[in-house]
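Engineer: Got a sequence here, can you build the structure:
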Amino acid sequence: MTKVYILDANKQPLYPIHISHARKLLSQGDAKVFRRYPFTIILKEVLTQSRLEQLGFKIDPDVN
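Structural biologist: Numbering: from 1, shown residues only. Predicted coordinates for the structure are as follows:
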């Protein structure tokens with residue numbers, strides 16, 4: 001399954017989305033291509049946290 005990287009309007013990374021959802025955002029004019037490799041789109045307007053989750057990561061302190 002192909003995923004597309006997505007950035008919000010403030011260039012903060014969000015969870016990758018399916019290519020069909022990215023295609024829909026692009027065709028509706030809600031996003032534009034930010035980078036071709038790796039394929040990344042950027043949203044044109046700021047969305048609320050409830051619509052898309054922001055990407056985060058955790059560091060495991062027990063791993064050496």
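Engineer: For the helix or strand bottoming out on mean pLDDT in the chain, list every residue counted as buried.
Structural biologist: Lowest on mean pLDDT, DSSP states H and E among the helices and strands of the chain sits strand 13-18, with a mean of 90. Residues 14, 16-17 are the ones in strand 13-18 that count as buried (16 or more other CB atoms under 10 Å). No exception for glycine: its C-beta is placed from N, CA and C like everyone else's.
Engineer: Go through these and say which is closest to R36.
Structural biologist: Of all the buried residues of strand 13-18, P16 has the smallest distance to R36: 15.8 Å, by CB to CB.
Engineer: I'd say that closest one and L7 touch.
Structural biologist: No. With contact defined as CB atoms under 8 Å, P16 and L7 do not form a contacting pair (10.9 Å).
Engineer: Strands along the chain, start to end?
Structural biologist: 3-7, 13-18, 31-35, 40-43 (DSSP state E).
Engineer: and the angle for the third one with strand 3-7?
Structural biologist: Angle between the axes of strand 31-35 and strand 3-7 is 100 degrees (criterion: axes from the mean of the first three to the mean of the last three CA atoms, to 10 degrees).
Engineer: What of the longest one?
Structural biologist: Relative orientation of strand 13-18 and strand 3-7, computed by the same axes, to 10 degrees: 150 degrees.
Engineer: And strand 13-18, how far out from the chain middle?
Structural biologist: 3 Å (CA atoms, centre = their mean, to the nearest Å).
Engineer: What is that strand packed up against?
Structural biologist: On a contact count with 3 or more CB pairs under 8 Å, 6 or more residues apart in numbering; DSSP states H and E, strand 13-18 meets strand 3-7.
Engineer: Sheet partners, orientation included, of the strand it packs on?
Structural biologist: Sheet pairing of strand 3-7 (DSSP bridges) gives strand 13-18 (antiparallel), strand 40-43 (parallel).
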